[in-house]
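Q: Show me the folded form of this:
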Amino acid sequence: MALASALPRLAFPRAAVPLRARLLCQPPPTSREIAIRLRNSALLLGVRAEASQKEIKSAYYRLARTTHPDVLGQPKQDEGPGAKVERFDVGVLDDPDGPPSVVRFLEVQAAYDTLIEYHEQLNGSSQPSKKKGPQGRARPLGEVLCDRLKDEAEAVPEVWADIKAQGLTVSPLMLDAIFKACAKPGGGGIEAAREILREGTRLGSIAQPVRCSGLVSLLNWAFQKELDCLDDIVDEVTDEDRTDMNVMGAIGAAYCSGTRSLY
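A: Okay, here's the model as predicted:
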């Protein structure tokens with residue numbers, strides 16, 4: 001008897017094979033499978049098959065407000081990580097019978113990525129959009145909403161209103177995205193950024209470390225391009241803010257340039 005036939009056949013569970021290895025072994029999707037996926041993605045987002053990228057993004061942000069775990073009150077970070085789901089879109093976007101009536105945010109994200117990537121391929125984009133995060137994990141809703149500002153600086157008031165309405169805590173990434181949008185044409189400028197920092201601090205949605213990070217950004221912004229409001233920004237720096245070394249460093253950089261006095 002050959003040695004190979006004498007050895008018992010080892011059955012490895014599917015989960016033991018890395019997801020990446022399984023995906024690399026899969027054949028490319030057929031044209032029918034692609035058509036099903038695009039159709040289901042459009043149905044799930046509630047848009048026409050020929051919808052524009054702007055319409056797709058609008059539908060995505062609208063659904064994010066109602067399907068995201070941050071809105072539905074699922075376990076918070078301090079309660080431990082949620083269950084990780086591999087290939088959450090399989091059986092949803094690839095189902096010939098169409099997507100289910102109950103939609104999860106991760107499925108919304110998958111549908112959005114599918115349609116946007118399809119548009120980019122049609123337009124011959126050489127730099128396809130990056131995935132919005134690891135599969136199976138939902139990025140914070142606030143960061144998802146702030147993604148809109150990359151293409152729509154004029155949407156700063158609407159995005160900020162959404163953040164307040166949802167009672168979201170502003171992360172450093174969110175504040176950075178808001179400030180970058182404010183700096184673009186139509187974004188409202190430094191005054192809009194200052195007002196958001198004031199209001200967020202007052203409402204408690206911007207914690208002290210994030211506020212200090214925002215102050216540093218505003219001080220650098222004013223020093224480089226908006227000197228007329230530099231003194232006003234410094235006047236808003238509190239005693240608590242001054243305990244932050246980065247804030248004091250930004251103030252020092254502005255006032256030690258030889259043209260202004262710190263006092």
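Q: Tell me how far Glu226 lies from Leu38.
A: Distance, Glu226 to Leu38, using Cβ to Cβ, to the nearest Å: 46 Å. For glycine as for every other residue, the C-beta is placed from the backbone atoms N, C-alpha and C.
Q: just Tyr61 next, same as before
A: With Cβ to Cβ as the criterion, Tyr61 and Leu38 are 20 Å apart.
Q: When these two are compared, which one has more neighbours?
A: Between Tyr61 and Leu38, counting by other Cβ atoms under 10 Å, Tyr61 is the more crowded of the two (20 against 16).
Q: residue contacts, that one?
A: Val144, Leu145, Arg148 (Cβ atoms under 8 Å, 6 or more residues apart in numbering).
Q: Kindly report the domain assignment for this protein.
A: 28-74+83-136, 140-263 (automatic domain parsing).
Q: Same list (those) but as JSON lines, adding mean pLDDT.
A: Shown next, in JSON lines, are these (pLDDT from 0 to 100):
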{"stretch": "domain 28-74+83-136", "mean pLDDT": "75"}
{"stretch": "domain 140-263", "mean pLDDT": "92"}
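Q: can you pull the contacts of Arg148?
A: Lys57, Tyr61, Ala155, Val159.
Q: Now do the helices in the protein.
A: Here the chain has its helices, by DSSP state H, at 3-6, 19-25, 31-45, 53-67, 69-72, 105-122, 141-147, 156-165, 172-182, 189-203, 208-225, 230-235, 245-255.
Q: picking up where we left off before, can you tell me which of the contacts of Arg148 lies closest to Pro27?
A: Of all the contacts of Arg148, Lys57 has the smallest distance to Pro27: 31.3 Å, by Cβ to Cβ.
Q: Now that closest one: closest residue in space that isn't a chain neighbour?
A: Arg148 (6.8 Å; Cβ to Cβ, 6 or more residues apart in numbering).
Q: And that neighbour, how far from Glu154?
A: From Arg148 to Glu154 the distance is 10 Å (Cβ to Cβ).
Q: can you check Leu175 too?
A: 18 Å.
Q: Who has more neighbours out of these two?
A: Leu175 (22 against 13).
Q: quick one: that one and Pro209 touch, right?
A: No. Shown here, Leu175 and Pro209 do not form a contact pair, counting by Cβ atoms under 8 Å, at 10.7 Å.
Q: any shared contact partners between those two?
A: What both Leu175 and Pro209 touch, as defined by Cβ under 8 Å, 6+ apart, is an empty set.
Q: roughly how far is stretch 165-178 from the heart of the chain?
A: In terms of Cα atoms, centre = their mean, to the nearest Å, the centre of stretch 165-178 is found 10 Å from the chain centre.
Q: Alright, I will stop here.
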